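Peer 1: coords below, sequence missing:
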Ligand SMILES: Nc1ccn([C@@H]2O[C@H](COP(=O)(O)OP(=O)(O)OP(=O)(O)O)[C@@H](O)[C@H]2O)c(=O)n1
Ligand SMILES: C[C@](O)(CO)[C@H](O)COP(=O)(O)O
């Protein structure tokens, strides 16, 4: 890949984890001896392509400072009300780094593989087009409720994952404009779509789950233990 391209990462980690119901932010739950956030930062740390890693945590987060990171690329940034606000704060904090591209990856997705992230980066840089990791929907999808239910054709349905990878200035502009107009933005791609920018879908592993509810945590414990085992056998 072109070595002159500057890529920075943003890790939204300022959520409260209400759906996890543990009484503190889920990104600090421990899995196989480390917090979820540390696992996620270890994965991004494998990518020498990244020049900076902005970790966006709540302004009143008292957990982050208890963690020790040797990666000098890590930069603490204050979070916002919603995930999109946190990402925008991350973009502003990276301004002086002047990255060409930015990779946004949820702290709550520690299972991602560096190989999937490299596929996303390489494909998007080659075509000079932003994109996201996504997994094809595998189940039958229903819309409605018991009283009126319909089956949704799933040929073209994808689950959006992270990382999501876009040119820095284009993403910053799209997010700023969409948020200023009160548009609901739940991922970076939705801001880019609103701004009528193209978004590539790069197939990613479906076990790159977002740890959201207690059952996700149980599954993540199993999968992270498996990843550690296969890494020690390499
Ligand atoms: N204001 C916010 C809200 C969320 N996030 C981050 O965005 C990612 C995805 O959000 P989600 O899974 O919804 O996390 P929470 O908002 O913490 O969960 P909940 O909705 O259950 O409270 C998480 O890494 C979370 O820390 C963030 O940086 N800033
Ligand atoms: C960004 C994301 O993980 C893509 O699926 C998702 O939109 C985050 O949603 P959340 O409600 O903030 O967890």
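Peer 2: Sure thing, it's come through. Note that this is a predicted model, so its numbers are computed, not measured. Ligands and ions are numbered 1, 2, ... in the order given.
Peer 1: mind checking the backbone torsions on the spatially closest residue to residue 26 that is not a sequence neighbour?
Peer 2: Spatial nearest neighbour of residue 26, excluding adjacent residues (CB to CB, 6 or more residues apart in numbering): residue 17 at 3.2 Å. (Each C-beta comes from the backbone N, C-alpha and C, glycine too.) In terms of degrees, to the nearest 10, the main-chain angles of residue 17 are phi 70, psi 40.
Peer 1: now do residue 197
Peer 2: phi -100, psi 150.
Peer 1: how about the host helix or strand of residue 126 and ligand 2, touching?
Peer 2: Residue 126 is part of helix 114-127, with elements assigned from DSSP states H and E. No. Shown here: helix 114-127 not in contact with ligand 2 (CB under 6 Å from any ligand atom), separated by at least 13.4 Å.
Peer 1: go on, stretch 208-216?
Peer 2: Yes. Applying CB under 6 Å from any ligand atom, one finds stretch 208-216 touching ligand 2 at residue 210.
Peer 1: how about residues contacting that stretch?
Peer 2: 19-21, 26, 29, 36, 106, 108-113, 116, 133, 135, 161-162, 217, 219-220, 223 (CB atoms under 8 Å, 6 or more residues apart in numbering).
Peer 1: among the residues you listed, which lie within strands?
Peer 2: 133, 135, 161, 162 (DSSP state E).
Peer 1: what's the most distant pair in the residues you listed?
Peer 2: Taking CB to CB as the measure, the ones in strands among the contacts of stretch 208-216 span a maximum distance of 11.5 Å, between 135 and 162.
Peer 1: which one of these two has more residues nearby?
Peer 2: Neighbour tally, residue 135 and residue 162, criterion other CB atoms under 10 Å: the higher count belongs to residue 162, 27 against 17.
Peer 1: pull the contacting residues for the more buried one.
Peer 2: 104, 105, 106, 109, 112, 132, 133, 187, 208, 210.
Peer 1: and for residue 36?
Peer 2: Contacts for residue 36 (CB under 8 Å, 6+ apart) come out as 26, 27, 28, 29, 107, 108, 110, 211, 220.
Peer 1: among those residues, which are located in helices?
Peer 2: Judged by DSSP state H, helices contain the following of these: residue 220.
Peer 1: among the contacts of residue 36, which are within reach of ligand 1?
Peer 2: 27, 107, 108.
Peer 1: neighbour-wise, which one of the residues you listed leads?
Peer 2: residue 27 (29 neighbours).
Peer 1: which residue sits closest to the residue of the chain found nearest ligand 1, ignoring its sequence neighbours?
Peer 2: Evaluated by CB to the nearest ligand atom, the chain has residue 15 as its residue closest to ligand 1, separated by 2.0 Å. Leaving aside its chain neighbours, residue 15 sits nearest to residue 25 (6.4 Å; criterion: CB to CB, 6+ apart).
Peer 1: per-residue pLDDT, the most far-flung residue of the chain relative to its centre?
Peer 2: In the chain, the greatest distance from the average C-alpha position (CA atoms, centre = their mean) is reached by residue 147, at 35.9 Å. Here the pLDDT value assigned to residue 147 is 95.
Peer 1: now do residue 3
Peer 2: On the pLDDT scale, residue 3 gets 66.
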